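In: below are the sequence and a predicted model for it; my questions follow.
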Amino acid sequence: MASVQSVIVQPAPRVAGRVRPPGDKSISHRYALLAAIADGASTIDGYSTGADCQSTLNCLRGLGVGITTSPGPDGLRVRIDGRGIRGLKAPAGALDAGNSGSTIRMLAGILAAHPFSTTLTGDASLRRRPMRRIIVPLERMGAVLDADGGRPPLTIHGTTDLHAIDYSPEVPSAQVKSAVLLAGLHTPGTTSVLEPLLTRDHTERGLAMFGVAVTSSGNRASIVGGQRLQPQSLHVPGDISSAAFWMVAGAALPGSDVTIEHVGLNPTRTGIIDVLRRMGADIEVEGNTTTTGEPVGTIRVRHRELVPATIDADDVPGVIDELPVLGALATYGGELKVSGAQELRVKESDRISAFADGLRAMGAHIEEAHDGFVVRGRQRLTGGHVDARHDHRLAMAFAIAALGATGPTTVHDAGAAAVSYPEFFSVLDALRA
C-alpha cells in the first residue's frame, strides 16, 4: 500500500470519551476465508474497514467467489457466496494481497488443496516478508510452493492429494497454524499443529462457528479433514489491537478517561490488558458476553502513575501487535523492557529499528536490542518529525506518543494507518479533551 500522507499531531492535556473500534482485523480475514469455502451464502456484519481485509475480499473475488459489500452500523456488511470445499476457481492472473501477511499466508493453506497454480503477491513491504514458515509445512503435506528467497511473489501449485501432518512450527504464529489447519480441512485424516507458545485462536473458533469440529488441547490444535462448512450470519467484534491505542492514551495522560465499547476479549488477545495493569494503568473490564464464538465487552481506562514493567518471550505472542504502542506508553514515565520479540523485525517494517528511530527523533530514551527494546521515560518528549515507514501500527503508536510531547510531531506516512484503522486520526481528534 503506497501512502505519503503526513499528519501533524499536537500535544493534548488529556483524552476522554467513548470509542467503538473497527471490526477485528484478524477475525474479519478468517470469517471471509471460511465463508468462501462454505456451502452457501454467509453474511458478516462489522467487517473491518481496513485495507488489509479488503485485500482478502479482492483475492477471493479473483478466485471466483461472489462478494457484495454495503455500509453497516459498525463497519461493513459483507455477503459471501461460498463455493464449498475445493470449489475455488483458478484465477486469471496473480492475486494482489496488498500489505496483508494474513491474506497471503492463510489463503495459501486453502489454495494448497486446489488443483491449479496461483501466484500471490503484494506491495513492496509484503514482498520482503518471510514465507518459508508456511512453505515448509504445506510442502510436507504435498503441495509445491515457489518463492524467490522465501519471499513473495508466492506461487502455490495445489493438489487434491494432500496428506495430513503433525506439525511443530519453530516460531509461534497464528497465521502458520491457520494455514496448516485450513489445508488439513481438505485432507483425509487428522492434521495437528503443536505450537511452542499458544497464539490467537480465532481460526479454531471460526471453524467451530461454521460447524467444523476442531480439537484443542494445551498448545495443540487438531482438525479432521473432509468436514463441510455450513453458511452463517456472523458479527465481528471490535478489534482490541486497534482499541489498544486508546487504552494507552487513557493510561498515559493525567485526568484521562476512555471507554471502549463492543471490543473483542478473546483470552488469546487480552495480554494488552495484563501488561497495562502491570505498567500501572487503572482498567475496568465489564459486560463480557459471547457473540458468534468470540467474547465481547467494554473496557474503561483511566490514568494512574506509571511503573516499570517487563515483557518477555512468554508474553510476546499475546501482545505482538501492541508492542510499539506499549513502548510509546513508557515515554510518559516508568520503563518498559521488551525481549523475545525478534518477530517484530519481519513485520510490515523492521518494527524494532523503525520504532527506535522514530522515538529518538521525538526525544525519547530508547535502547534497541536484537529481540526487543528498552524505553525509559526519563523526560518528556519534544516532538519532531517521524517516519512510519509504511507501517500502520507505527504510524498510530507515534501519534499516541506525540500527545505527551512539548511540541508538535509530524508523522510522515501516517496514511499507513488505513491498513487497519482508516478512521484513526479522526477518532484521535474527537477524544481530545
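Out: Ah, there it is.

In: C-alpha only now, for contacts and for neighbours.
Out: Noted.

In: please pull out the lowest mean pLDDT helix or strand from this protein.
Out: Lowest on mean pLDDT, DSSP states H and E among the helices and strands of the chain sits strand 282-291, with a mean of 83.

In: which residues touch that strand?
Out: 235, 251, 265, 273, 277, 295-304 (CA atoms under 8 Å, 6 or more residues apart in numbering).

In: what about those, which are in helices?
Out: Ala251, Ile273, Arg277 (DSSP state H).

In: quick one: the helices in the stretch 151-300 of the chain?
Out: 174-185, 202-209, 240-252, 271-278 (DSSP state H, counting those that start in this stretch).

In: would TSV of those helices with mean neighbour count be doable?
Out: TSV is the format used below for these (neighbours: other CA atoms under 10 Å):
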stretch	mean neighbour count
helix 174-185	27
helix 202-209	22
helix 240-252	28
helix 271-278	19
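
In: is it possible to export these to TSV including mean pLDDT and distance to Arg61?
Out: Listed next are the helices of the stretch 151-300 of the chain as TSV, based on pLDDT from 0 to 100; distance: least, CA to CA, whole Å:
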stretch	mean pLDDT	distance to Arg61
helix 174-185	98	19
helix 202-209	98	21
helix 240-252	98	27
helix 271-278	97	35
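
In: can you redo the ones you listed as a markdown table with distance to Ala405?
Out: Conversion of those to a markdown table gives the following (distance: least, CA to CA, whole Å):
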| stretch | distance to Ala405 |
| --- | --- |
| helix 174-185 | 36 |
| helix 202-209 | 37 |
| helix 240-252 | 12 |
| helix 271-278 | 21 |
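
In: any idea how far the nearest residue to Arg20 once chain neighbours are set aside lies from Val427?
Out: Nearest non-adjacent residue to Arg20, counting by CA to CA, 6 or more residues apart in numbering: Glu261, 5.0 Å away. Glu261 is 14 Å from Val427, where distance means CA to CA, to the nearest Å.

In: more crowded one of these two?
Out: Glu261 (20 against 17; other CA atoms under 10 Å).

In: contact partners for the more buried one?
Out: So Glu261 contacts Arg18, Val19, Arg20, Pro21, Gly238, Gly297, Thr298, Ile299 (CA under 8 Å, 6+ apart).

In: quickly note the distance from it to Ile165.
Out: 41 Å.

In: what about Ala113, how many neighbours?
Out: Using other CA under 10 Å: Ala113 sits among 29 other residues.

In: phi and psi next, for it.
Out: Main-chain dihedrals, Ala113, degrees, to the nearest 10: phi -100, psi 10.

In: below-threshold pLDDT in this structure: ranges please.
Out: For the chain, the stretches flagged by pLDDT under 70 are 1-4, 291, 433.

In: how is it partitioned into domains?
Out: The chain breaks down by automatic domain parsing into domains covering 7-22+237-431, 25-235.

In: end-to-end on the first one?
Out: So that's domain 7-22+237-431. 16 Å.

In: and the strands in the stretch 51-200 of the chain?
Out: Ranges of strands within the stretch 51-200 of the chain are 66-72, 75-81, 95-96, 117-121, 144-148, 151-157, 166-167, 190-194, based on DSSP state E, counting those that start in this stretch.

In: now tabulate the ones you listed in JSON lines and tack on distance to Arg133 and mean neighbour count.
Out: Formatted as JSON lines, the strands of the stretch 51-200 of the chain follow (distance: least, CA to CA, whole Å; neighbours: other CA atoms under 10 Å):
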{"stretch": "strand 66-72", "distance to Arg133": "30", "mean neighbour count": "14"}
{"stretch": "strand 75-81", "distance to Arg133": "29", "mean neighbour count": "22"}
{"stretch": "strand 95-96", "distance to Arg133": "20", "mean neighbour count": "22"}
{"stretch": "strand 117-121", "distance to Arg133": "16", "mean neighbour count": "21"}
{"stretch": "strand 144-148", "distance to Arg133": "12", "mean neighbour count": "17"}
{"stretch": "strand 151-157", "distance to Arg133": "10", "mean neighbour count": "22"}
{"stretch": "strand 166-167", "distance to Arg133": "11", "mean neighbour count": "18"}
{"stretch": "strand 190-194", "distance to Arg133": "13", "mean neighbour count": "21"}
